[in-house]
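Participant: No sequence on hand, only this structure:
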């Protein structure tokens, strides 16, 4: 006479994950269900806890033929609790599985999931307002230019890197910029306000400077940090006969807005013409291939115009034409609305529905055209006021330079150390 004992195949119940992020991030630990996978920053301590449905003797986490962690088991008649702890050391995505050993001696693959280890990316830095790559500036003028830094974890420092045509390069420490709202990833925005007289005092033989903003993050050295990112270079040539930086900024901002709006208007207008020329084809039972192709080209033109206007609106927020940025953003929305309606038109079931959708798309594109035409007129009307503003900025710049020279004389400091961006003595 034999006695048979049936044991269930072991598997995990109520699998939960706790993420304990690296200390330098300042992030609080997070608990979540396991789901289909885990996404964590490199260096995060990951704890996986689950209840086996039946008692087990051991458990390991495997990935790519290697063992990532061996579990601790809290035994209980109902299965107990299994805990796995590990920390990904390299970025990358891999499949993992939990292998359970049954008390009768057999092993089973219980749970499979993905592990996506993400590295701490270095900061991304860019100049705002689409500045020219080369500027001619008077020696008594001041560079006044905005920049933006995008950093996923934390910002540690910002410097202005200077490479003169004569003399050793250096990095000048700058004040930390404020964080720009609650964006994802976080963004910081600031301005470089650097008197050229300060640079010339430190490098008196120089007649050309290459400048860029360099940002470092909070990644610790033990983890390969800090990460560093830089903007593009801007070349400044000293020219006593150059226009003031204020006037150059005004002229560049006006030209950028005018040219971009003109190009966007052309694209929207051309897209509208394609709609007009092919709208009757939508009344056919089957829309001809050539008409579909023309509608696709119109959508591409509307997409290009929308992208141009969105980027222009962002640039304008940091320029002399900032007051018109919301109107440019609205024109971008109208353009995108026309694109969406046009994309939907050929997909409608009946010729009547297709014609109705196409008419709506054409009306939206016409509205965008009108918005852009009004913007063009308003920019022309704004020109005298903007020139007055440039004059005021010139006066302010001269006053700042006089104040800087007076402060330097009063403090009796060595030449060059008074610059708005404080020198980092670690010259590179």
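Facilitator: Cool, got the structure. Please read these numbers as outputs of a predicted model, since none were measured by experiment.
Participant: quick one: low-confidence ranges for the stretch 51-200 of the chain?
Facilitator: 77-79 (pLDDT under 70).
Participant: Please name the residues that touch residue 373.
Facilitator: With contact set as CB atoms under 8 Å, 6 or more residues apart in numbering, residue 373 has these partners: residue 265. Bear in mind the C-beta positions are built from the backbone N, C-alpha and C, glycine included.
Participant: likewise residue 155?
Facilitator: 123, 149, 176, 186, 188, 215-218.
Participant: Let's see if you can find the most crowded of the residues you listed.
Facilitator: residue 215 (29 neighbours; other CB atoms under 10 Å).
Participant: nearest spatial neighbour of the residue nearest the centre of the chain, skipping sequence neighbours?
Facilitator: Nearest residue to the geometric centre of the chain (CA atoms, centre = their mean): residue 150, 5.5 Å. Of all residues not flanking residue 150 in the chain, residue 124 sits nearest, at 4.5 Å (CB to CB, 6 or more residues apart in numbering).
Participant: The one you found: neighbour count?
Facilitator: Residue 124: 16 neighbours (other CB under 10 Å).
Participant: of the contacts of residue 155, closest to residue 43?
Facilitator: residue 218 (12.3 Å; CB to CB).
Participant: Pull the contacting residues for that closest one.
Facilitator: For residue 218, the contacting residues are 24-25, 153-156, 225-226, by CB under 8 Å, 6+ apart.
Participant: switch the cut-off to 6 Å
Facilitator: Residues near residue 218 by CB atoms under 6 Å, 6 or more residues apart in numbering: 24, 154, 156.
Participant: Would you mind confirming that the first one is in contact with residue 220?
Facilitator: Yes. Residue 24 lies in contact with residue 220 (CB atoms under 6 Å); the separation is 5.4 Å.
Participant: Can you pick out the residue with more neighbours from the two?
Facilitator: Set side by side, residue 24 and residue 220 show more neighbours around residue 24, with 19 against 14, by other CB under 10 Å.
Participant: Helix, strand, or coil at the more buried one?
Facilitator: Following DSSP: H, G, I helix; E, B strand; the rest coil, residue 24 is assigned to helix.
Participant: That one: what's it in contact with?
Facilitator: 218, 220.
Participant: Can you give me the distance of it to residue 116?
Facilitator: 20 Å (CB to CB, to the nearest Å).
Participant: Residue 381 too?
Facilitator: 53 Å.
Participant: Looking at those two, which one has more neighbours?
Facilitator: Between residue 381 and residue 116, counting by other CB under 10 Å, residue 116 is the more crowded of the two (13 against 9).
Participant: Quick one: list the elements packing against the host helix or strand of that one.
Facilitator: Using DSSP states H and E, residue 116 falls within strand 107-118. Contact analysis of strand 107-118 by 3 or more CB pairs under 6 Å, 6 or more residues apart in numbering; DSSP states H and E lists strand 37-41, strand 92-102 as its packing neighbours.
Participant: Any chance you could list what contacts that strand?
Facilitator: For strand 107-118, using CB under 6 Å, 6+ apart, the contacting residues are 10-12, 37-39, 41-42, 88, 91-101.
Participant: if you set the cut-off to 7 Å instead, what comes out?
Facilitator: 9-12, 15, 34, 36-42, 63, 88, 90-102 (CB atoms under 7 Å, 6 or more residues apart in numbering).
Participant: Stretch 336-349 now?
Facilitator: Contacts for stretch 336-349 (CB under 7 Å, 6+ apart): 275, 282, 287, 292, 295, 298-299, 302-303, 306, 354, 357-358, 360-361, 364-365, 368.
Participant: at 8 Å what do you get?
Facilitator: Against stretch 336-349 from outside (CB under 8 Å, 6+ apart): 268, 271, 275, 282, 287, 292, 295, 298-299, 302-303, 306, 354, 356-358, 360-362, 364-365, 367-368.
Participant: residue contacts, residue 106?
Facilitator: Applying CB under 8 Å, 6+ apart, no residues qualify as near residue 106.
Participant: Please report phi then psi for it.
Facilitator: phi -90, psi 150 (degrees, to the nearest 10).
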